[in-house]
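Visitor: Pasted the sequence and its predicted model underneath.
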Amino acid sequence: MGIKQKVAVGLVILSSYMSYAYADDTTAIQPFSASKAIDLTHVLHEDMVVWPGGVPFKKIPLATHEKDGYLLHRFSMGENTGTHVDAPAHYIQGNLTMENLPIDQLILPMVVIDAREQVKSNPDYELSVQDINNWEAKYGKVPANALVVLNTGWHEKFDDPKAYQNMDDKQVMHFPGYSPQAARLLVKRDVSGIGIDSFSLDYGPSTTFETHLVMLKANKFQVENMANLNALPAVGSTAVIGVLPVKGGSQAQARIFALLP
C-alpha cells in the first residue's frame with residue numbers, strides 16, 4: 001500500500017471514529033475531512049535535550065540487516081523525555097493513569113493561543129487570565145473538552161539543549177508557561193487538557209509547580225515539548241494524540257498530529 005493510500009485509509013478510520021463519537025439520535029452524521037496534517041512531535045534521538053537529571057533517550061541495536069537480515073533495537077528513556085503527556089496521576093495519587101485516559105479526550109478540537117511576542121521580551125512569561133480573555137474576545141469562548149495549546153515559540157530552540165534549558169548561573173531554568181490563574185480559568189472552561197512547546201506547563205523558575213497541581217487535581221492531562229506550533233491556526237484544527245497506554249504510567253511519549261480544516 002502506497003503512502004497516499006495509507007493516509008486515505010487513516011482518514012477514513014478517523015472519520016468513522018469521529019462520526020461514532022459525536023453523532024447522536026438528533027444529529028446527522030457529518031463526514032470528517034482534513035486539508036493537511038501537521039506533526040507536533042519532536043523526533044526521539046540520543047542527543048535530544050532532557051529535563052536536568054532526567055533519563056535521556058538511548059537506543060541499543062539488537063539485530064542488524066548485515067548480521068541478522070532484519071533490524072531490531074531496544075530503547076530506554078524517562079517518561080518525560082521528548083514530546084509527552086502528563087496523566088493526572090503524575091501528581092495526584094488515585095487520579096487517571098496513562099492507560100485510563102478516555103479515547104474521546106485524545107481526538108479533540110484544539111485551541112492555540114499565541115504568546116510569541118510576549119516571550120521575546122520575557123522568557124519567564126506566564127499566560128495570564130487577561131491573555132485568555134483577549135483571545136476569547138477575538139475567537140469566542142474556549143470550548144469545553146478542547147485541548148488548549150500555548151505557542152511560545154520555544155519549540156524552535158529544541159535542537160539547542162543549552163538554549164532550550166536556558167539555565168542561569170544559579171542553575172535556574174528560564175522558559176515560559178501557564179500561570180496558575182490561567183489554569184484555573186481553563187479548568188472552569190472544562191477543557192480536556194493543555195499543552196505547550198516548552199519543558200513544562202509551569203514557567204522555568206517555578207519550584208511549586210502550581211499549574212501542574214491545578215490541572216492534574218481536576219483530572220486534566222497535559223502535553224509538554226510540543227513541536228511545529230507555528231503551523232497551527234488559532235481555531236479549527238483537531239488534535240490526534242497517540243499516547244502510549246502504559247499501565248500505571250504517570251507520563252508517556254506521544255505522537256501528536258494536528259488535522260487542519
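Guide: The structure has been received and is ready for your questions.
Visitor: Following the lowest-mean-pLDDT helix or strand in the chain in sequence, what is the next regular element?
Guide: Ranked by mean pLDDT, DSSP states H and E, the weakest helix or strand in the chain is helix 3-22, scoring a mean of 41. Downstream of helix 3-22, the first helix or strand assigned by DSSP states H and E is strand 36-39.
Visitor: Give the pairing partners of that following strand; include direction for each.
Guide: Sheet pairing of strand 36-39 (DSSP bridges) gives strand 251-260 (antiparallel).
Visitor: Give the buried residues for the partner strand.
Guide: Gln251, Ala252, Gln253, Ala254, Ile256, Phe257, Ala258, Leu259, Leu260 (16 or more other CB atoms under 10 Å). For the C-beta atoms, the positions are set from N, CA and C on the backbone; glycine is no exception.
Visitor: CA atoms only for that strand, dumped as PDB, please.
Guide: Output of strand 251-260 as PDB, limited to C-alpha atoms (Å, rounded to 0.1, in the frame of the first residue of the first chain):
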ATOM      1  CA  GLN A 251       3.600  10.200  31.900                       C
ATOM      2  CA  ALA A 252       4.300   8.700  28.400                       C
ATOM      3  CA  GLN A 253       5.600   9.600  25.000                       C
ATOM      4  CA  ALA A 254       3.100  10.500  22.300                       C
ATOM      5  CA  ARG A 255       2.900  11.000  18.600                       C
ATOM      6  CA  ILE A 256       0.700  14.000  18.100                       C
ATOM      7  CA  PHE A 257      -0.900  15.300  14.900                       C
ATOM      8  CA  ALA A 258      -3.000  18.300  14.100                       C
ATOM      9  CA  LEU A 259      -5.600  17.900  11.300                       C
ATOM     10  CA  LEU A 260      -6.300  21.200   9.700                       C
END
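Visitor: can you give me the strands in the stretch 151-261 of the chain?
Guide: Here the stretch 151-261 of the chain has its strands, by DSSP state E, counting those that start in this stretch, at 177-178, 193-196, 221-224, 237-243, 251-260.
Visitor: What does the pLDDT read for Val49?
Guide: Per-residue pLDDT puts Val49 at 97.
Visitor: Quick check: phi and psi at it.
Guide: Dihedral pair for Val49: phi -70, psi 140, per degrees, to the nearest 10.
Visitor: I'd like to know how many residues surround it.
Guide: 21 (other CB atoms under 10 Å).
Visitor: roughly how far apart are it and Ala63?
Guide: Look at Val49 and Ala63: by CB to CB, to the nearest Å, they are 29 Å apart.
Visitor: Tell me which of the strands of the stretch 151-261 of the chain sits nearest to Pro161.
Guide: strand 221-224 (15.5 Å; CB to CB).
Visitor: Where does pLDDT dip in this structure?
Guide: 1-33 (pLDDT under 70).
Visitor: hmm, 80 instead?
Guide: 1-34 (pLDDT under 80).
Visitor: which residue is nearest the middle of it?
Guide: In the chain, the residue lying closest to the centroid (CA atoms, centre = their mean) is Val223, at 3.0 Å.
Visitor: Could you verify my assumption that Thr41 touches Ala258?
Guide: No. Using CB atoms under 8 Å as the test, Thr41 is too far from Ala258 to be in contact (10.4 Å).
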